[in-house]
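Undergrad: fold the following.
(one chain, ligands or ions: 2)
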Amino acid sequence: MKKIVTVLAIESSCDDTGVAVVQKNGETVSVLAELVTSQNIHEATGGVVPEAAAREHEKVISPMIQVVLEKSGIQRENIDAIAVTTCPGLMPSLAVGVQAARALSYVWNKPIVPVHHIEGHVYSALLVENEPKSYQLPAKSWPALAIIISGGHTMFIRMKSHLQYEVIGETRDDAIGEVFDKVARMLGLGYPGGPKISKLAEAGNPNAFHFPRPMEHSHNLDFSYSGLKTAVLYQVCDLGDAIDDQQKSDIAASFQQAICDSVAAKLEYAVAQTEYKTILFAGGVAANTALRTRIAQIAERHATAFHVAPLHLCGDNAVMIGEVGVYAFEAGRIKTWREIDATAKISIEEFSK
Ligand code: KG4
Ligand code: ZN
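TA: Ligands and ions are numbered 1, 2, ... in the order given. Here you go, the predicted model:
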C-alpha cells in the first residue's frame, strides 16, 4: 500500500512569506496549495531591513496558513508534519516562521521537519513549470550538481543521493544576486536589481564594455565578484552624469555577459572533474534567462540531464520547503517543537550531518 506523507510548509527567511501544503504519495510529489507574499517595503531602503521584514511576516503569516490549508482541502488531522525553514537567513525573519511552526506543532500535536533554506532551493529545481508537481529523480540520476545562485548565495553542491550535500564551490565575497542588486543601484534602477538589469540588458550590446571574468582560470570552484563590481562602478563613474540609456543597457548586457562567462567557466571545470548525471539550477538568479540558457547549453553538450526551477519558484517560497519536507520526513528527520530553533548561519553540510 502507498504511504501518503503530507506537510504544511512555512518559509520566512528573508523578505518573502511562503506557505504551502505538499504531499508525497508513493513516488509522486504534488503541491496541493501554495501562497507567497512578497514585501514591497524594501525598495525605498535599497535592501532588506531585518526588523521591518519580520513585522511584515508577522502581519501575514497566520491568515496565509489558514487560506492555504483551506485551499488544499486537507484536514489538519491528515497533516503529518510542519516543515519550516530554520536556517540560514535574517534572524528576526526566520524567527517568525519558526515560532508559527512551533505553535502549530504544539497545538496540533504534530512533529516539525526543519529545513535548510538552500536545500529548499536545490529541490525547487525539480518542480515542474506550470504543473503542481515535482520531477522524480530515477536512481541513475546521481551524482547531481546543484548550482544555487541567489541574493545571499553562490554555490556548487555535489549530491551523491537525496538530502546529501557537499559544497564544492562558493563565493569568497559577494553573491551573484547581490552584485546584480548593487550594479542596478549604480545605474539608478530599483531593488531588487536582478530583473531590472536583465530587462535592460535585452537592449544592450554584451560586447560594448569588457568587464573581468572573475577567477575564470583559477582551477577551483570558488567565485569572487568584488573585482567585477568595482570594474562596473569605475565604468559608471567614468561615464558620469552624461550616461545615456543606451550606455546603461550596454553596461547591463556586458555585466550580465561577464557573469554568464564566469559561471560557465566554473561549470565546465566542475563537469571535467566529475561525471555528473544531473545538473540542477535554482535560486533567485535562476530566473535570469541568459544564465538559464547558458547552463542548459553546457548540460546538453555534456549529455547531462538538466532541471531548472520554474520561473515563479526561483525566488523564495514554501513549495520548495515542503518538497524537502516530505523527503526528509520519510528519511526520519522528525523533531519536536522544543528541539528546533532559528539559526542565522549554518552550512548545508553541517545542517544535514
Ligand atoms: O532566492 P532569492 O529570492 O532570495 C535569496 O535567498 O537571496 O534571490 C533574490 C535575488 C536578488 O538578488 C535578485 O536581484 C535576484 O535574485 N534576481 C535576479 C533575477 N531575478 C531575481 N538576478 C538576475 N536576473 C534575474 N532575472
Ligand atoms: Zn533564497
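Undergrad: the stretch 1-150 of the chain: helices as residue ranges?
TA: Counting by DSSP state H, counting those that start in this stretch, the stretch 1-150 of the chain has helices at residues 50-72, 91-108, 117-124.
Undergrad: deepest in the core, which of those helices is it.
TA: helix 117-124 (a mean of 28; mean count of other CB atoms under 10 Å). For glycine as for every other residue, the C-beta is placed from the backbone atoms N, C-alpha and C.
Undergrad: what about Lys345, neighbour count?
TA: Residues within reach of Lys345, counting by other CB atoms under 10 Å, total 9.
Undergrad: and what of Thr28?
TA: 12.
Undergrad: hmm, it is touching Pro132, no?
TA: No. Between Thr28 and Pro132 there is no contact under CB atoms under 8 Å: 10.9 Å.
Undergrad: for the residue of the stretch 201-350 of the chain at minimum distance from ligand 2, which non-adjacent residue is closest in space?
TA: Residue nearest to ligand 2 within the stretch 201-350 of the chain: Asp316 (4.4 Å; CB to the ion). Once flanking residues are discounted, Asp316 sits nearest to Asp16: 4.1 Å by CB to CB, 6 or more residues apart in numbering.
Undergrad: hey, what's that neighbour bridged with?
TA: For Asp16, the beta-bridge partners are Ser38 (DSSP bridges).
Undergrad: list the residues that contact it.
TA: Val36, Thr37, Ser38, Gln39, Gly315, Asp316, Asn317 (CB atoms under 8 Å, 6 or more residues apart in numbering).
Undergrad: so the residue of the stretch 201-350 of the chain closest to ligand 2 sits right up against Ile10, yeah?
TA: No. Using CB under 8 Å, Asp316 is not in contact with Ile10, being 11.5 Å away.
Undergrad: okay, these two: which has more neighbours?
TA: Ile10 (31 against 27).
Undergrad: I'd say that one and Thr85 touch.
TA: Yes. Using CB under 8 Å, Ile10 is in contact with Thr85, at 7.1 Å.
Undergrad: what touches both of these two?
TA: Gly97, Ile321.
Undergrad: give me the below-cutoff pLDDT ranges for the stretch 1-150 of the chain.
TA: For the stretch 1-150 of the chain, the stretches with pLDDT under 70 are 1-2, 44, 46.
Undergrad: would you mind finding the longest helix in this structure?
TA: Ranked by residue count, the top helix of the chain under DSSP state H comes out as helix 245-273.
Undergrad: buried stuff in that helix?
TA: Within helix 245-273, the residues scored as buried using 16 or more other CB atoms under 10 Å are 247-267, 269-271.
Undergrad: chain center to that helix: distance?
TA: 19 Å (CA atoms, centre = their mean, to the nearest Å).
Undergrad: do it and ligand 1 meet?
TA: No. Using CB under 6 Å from any ligand atom, helix 245-273 never reaches ligand 1; the gap is at least 7.8 Å.
Undergrad: after that helix comes which helix or strand?
TA: Note on helix 245-273: by DSSP states H and E, the next helix or strand toward the C-terminus is strand 278-282.
Undergrad: is that following strand up against ligand 1 anywhere?
TA: No. Against ligand 1, strand 278-282 shows no contacts by CB under 6 Å from any ligand atom, the least distance being 8.3 Å.
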